[in-house]
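**Student:** Predicted model follows, preceded by the sequence.
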Amino acid sequence: MHRTRALAFLSLAGLVACGSSPPATGGGGPQHQAAGLAVEVEVSSVSLADDCGDLDGGLGASSAIAERSSMAADCAPDADCGGGCEQTTMQLTLSAADAGPATQVEVIKVELVDGQGAVVGVLTPRTPRLWDGERGVYVAWDGAITAGQDIAASVDLSAPDWGSIPGGRWGDGGTLAARVTLSIGGETVVRSSSATAVAPDPMVVT
């Protein structure tokens with residue numbers, strides 16, 4: 001018996017991260033002046049899937065997903081290569097002004113909002129990481145950003161309650177929004193971005 005499962009994605013304005021590739025940094029996002037340091041923040045993507053826990057010893061599930069994605073690329077199209085957990089994640093790009101003291105950035109929550117403005121899900125963030133271009137991997141991030149620094153960050157999220165999402169796990173082709181609440185330098189900042197729920201093929205048993 002071979003089972004094929006496709007997961008629903010919420011693709012925000014910007015690129016959708018896949019594997020271990022980072023989002024592009026800088027440009028486009030509104031600036032927030034935090035304790036003397038202006039920080040530009042943009043939501044690059046939110047991918048809705050499962051909650052896999054900290055599968056790779058504390059760095060979060062995304063690193064493990066990157067390894068599984070590489071293995072999946074070597075899998076024959078019709079082979080049963082196993083499933084695996086797909087972590088719900090969000091990616092952000094941050095760009096700090098050239099002058100000002102270092103400040104802290106923390107993601108507080110991510111709300112999913114339907115086309116009528118109703119909140120249909122609240123996701124809890126954990127395990128923030130930043131992209132290390134020299135090593136080509138995400139590494140643990142303490143939330144600090146310094147003057148002149150550009151950061152591509154990835155944050156694991158709790159899984160949505162699929163029963164509350166329009167169309168459930170497979171989506172209904174409708175439009176959602178992700179409303180992200182952050183703390184920058186101790187001040188609350190909210191960023192929103194439109195999102196389209198993609199309806200992939202449901203599970204097929206052959």
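**Tutor:** Perfect, thanks for sending it. Please read all numbers here as calculations on a predicted model, not as lab measurements.
**Student:** pretty sure C52 contacts Q87?
**Tutor:** Yes. The pair C52 / Q87 is scored as a contact, 4.6 Å apart, by CB atoms under 8 Å. In this view, the C-beta of every residue, glycine as well, is placed from N, C-alpha and C.
**Student:** In this structure S154 contacts P128, no?
**Tutor:** Yes. If you go by CB under 8 Å, S154 and P128 touch, sitting 7.5 Å apart.
**Student:** Look at these two and report which has more neighbours.
**Tutor:** S154 (25 against 21; other CB atoms under 10 Å).
**Student:** so is the more buried one in a helix, a strand, or just coil?
**Tutor:** The assignment at S154 comes out as strand when based on DSSP: H, G, I helix; E, B strand; the rest coil.
**Student:** which residues pair with it across the strands?
**Tutor:** Note on S154: beta-bridge partners by DSSP bridges are Q91, R129.
**Student:** Please tell me how far it sits from V41.
**Tutor:** As defined by CB to CB, to the nearest Å, S154 lies at a distance of 14 Å from V41.
**Student:** Just give me the neighbour total for D161.
**Tutor:** 12.
**Student:** Could you report the neighbour count for A144?
**Tutor:** The number of residues packed near A144 is 12, by other CB under 10 Å.
**Student:** okay, C52 and Q87: which has more neighbours?
**Tutor:** The residue with more neighbours, out of C52 and Q87, is Q87; 23 against 19, by other CB under 10 Å.
**Student:** hang on, isn't the more buried one packed against L48?
**Tutor:** No. Using CB under 8 Å, Q87 is not in contact with L48, being 10.3 Å away.
**Student:** Distance check, A177 against V137.
**Tutor:** Using CB to CB, A177 is found at 31 Å from V137.
**Student:** wait, doesn't V155 sit right on L130?
**Tutor:** No. With contact defined as CB under 8 Å, V155 does not reach L130; the gap is 10.2 Å.
**Student:** Can you pull out the low-pLDDT segments for the chain?
**Tutor:** 1-36, 55-83, 171, 173-175, 194-206 (pLDDT under 70).
**Student:** switch the cut-off to 50
**Tutor:** 1-21, 23-28, 34, 58-62, 64-65, 68-75, 77, 80, 82, 196-206 (pLDDT under 50).
**Student:** where along this structure do the helices fall?
**Tutor:** Remark: helices assigned in the chain by DSSP state H are 61-73.
**Student:** now the strands for it?
**Tutor:** Along the chain, the stretches classed as strands by DSSP state E are 3-4, 10-12, 31-34, 37-47, 89-96, 103-113, 119-123, 125-132, 137-140, 144-145, 150-157, 175-184, 187-197, 204-205.
**Student:** and the fourth one, what does it pack onto?
**Tutor:** Looking back up the chat, that one is strand 37-47. Helices and strands touching strand 37-47, by 3 or more CB pairs under 8 Å, 6 or more residues apart in numbering; DSSP states H and E, are strand 10-12, strand 31-34, strand 89-96, strand 103-113, strand 175-184, strand 187-197.
**Student:** Kind regards, and thank you for your time.
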